[in-house]
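In: below is the sequence, then the predicted model.
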Amino acid sequence: MAVQFGVHLGPQNASVADLRSLWKWFDSAGMDWISLWDHIYEAPPAGGTQAHFEAFSMLGALAADTVHARLGCLVFCSQYRNIGVLAKGVISVDHISGGRFEMGLGSGWHDQEARAFGLDWPSQGGRFKVMESQLQALEKWRRGERVTQSSPGVELSDAAMVPGPMGAMPIWIGGVGREKTLRMAGRYADGWNAAYVPPAEYRELNGILDDWCAKAGREPSQVERSINLSYGLSKDDVSVVKDHLRTQWGAGADRIIQGSLLGRPADVMEQVAAFVDSGAQLVNIAIRPPWDLDVLTEYVEQVVPAMRREWS
């Protein structure tokens, strides 16, 4: 399978017009994947002090504005929506896109926004239970069944999902938990996404996912593998970019830095190669606006085509 290249975009600190122009350009430039993240407040957290748009509204515009790229949300937080409402929304966006939308699901991490808006926020273990309940319901709907189910976070009574998605509605699971997240990915997912981990850890996680696939009676090749890398390309010295990330992320900065693309666009290929060698089939840059258009253009229009030729 040829390596694909995509963009994971935060709908924050930018106008709707600027975001739409950006993803239209990504699509016309041939990027394989465009996704948005599902937050109510900005990420990294800053107490709701920065402009941030809601995911589904923006995904509808993304679906209408593009024609080529696979589209997704990496990932919807399992705590934020009733699973039936979530599935209805996903299917609606899928139809707007002509069948290009792929659903991502994760247990969430942004407790600051959840508590601010009164959203239920159980322990990590409790969130995993809700997420697995939702995956079980989605699996039944994908088979065309009406669903009756009473399980953590899910109450359904003969619930139909009509119309269904235009295609198979691939399910992505995001996260790096070895025991729960990767087990669910091996059992339920069509794709698995990790964010901001170094290549050696990504390789290890891929191996663990392979084992969980085998335990579920599935071939590891049935689960596509992707990596989100924080976009730190800049005209500035790398030390300046690292300092900026430390200011943004505080105690979590070292983890983000290990899973970032840093330097000038010309420095990228060697960094990406380590992830491709570790099993990545889709490499996404995670962009937090604002962006330097000159640097981003060099990456999209020069570096990505070179990487396609290298790993076609």
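Out: That came through fine. Since this is a predicted model, take the numbers as computed values, not measurements.

In: test my guess that Ala61 contacts Leu22.
Out: No. Here Ala61 does not reach Leu22: they are 11.8 Å apart, not a contact under CB atoms under 8 Å. Any C-beta I mention is one placed from the backbone N, CA and C, and that applies to glycine too.

In: Glu310 touches Val272, doesn't it?
Out: No. Using CB under 8 Å, Glu310 is not in contact with Val272, being 9.0 Å away.

In: these two: which is more packed in?
Out: Between Glu310 and Val272, Val272 has the larger neighbour count (other CB atoms under 10 Å), namely 23 against 12.

In: quick one: contacts for Ala64?
Out: Neighbouring residues of Ala64 by CB atoms under 8 Å, 6 or more residues apart in numbering: Ile96, Ser97.

In: next, it: secondary structure please.
Out: Following DSSP: H, G, I helix; E, B strand; the rest coil, the label given to Ala64 is helix.

In: kindly state the pLDDT recorded for it?
Out: Here the pLDDT value assigned to Ala64 is 98.

In: likewise for Ala274?
Out: pLDDT at Ala274 comes out at 97.

In: next up, the contacts around it.
Out: Pro199.

In: can you offset everything so residue one is 8?
Out: In the new count, where the first residue is 8, that last one comes out as Ala281.

In: check which helix or strand covers it.
Out: Using DSSP states H and E, Ala281 sits in helix 275-284.

In: check Asn200 too.
Out: strand 198-202.

In: distance from the chain centre to that strand, please.
Out: 7 Å (CA atoms, centre = their mean, to the nearest Å).

In: what's it in contact with?
Out: Strand 198-202 has contacts (CB under 8 Å, 6+ apart) with 81-82, 109, 111, 177-183, 189, 192, 209, 212, 216, 230-235, 266, 289, 291, 293.

In: mind listing what's buried in stretch 145-153?
Out: Leu145, Lys147, Trp148, Arg149 (16 or more other CB atoms under 10 Å).

In: among these, which ones are in helices?
Out: Judged by DSSP state H, the buried residues of stretch 145-153 include Leu145, Lys147, Trp148, Arg149 as members of helices.

In: just give me the closest of the residues you listed to Pro129.
Out: Nearest to Pro129 out of these is Leu145 (CB to CB; 19.9 Å).

In: distance of Gly132 from Arg153?
Out: From Gly132 across to Arg153, the span is 30 Å (CB to CB, to the nearest Å).

In: one more: Leu236?
Out: Leu236 is 41 Å from Arg153, by CB to CB.

In: good, we can wrap up now.
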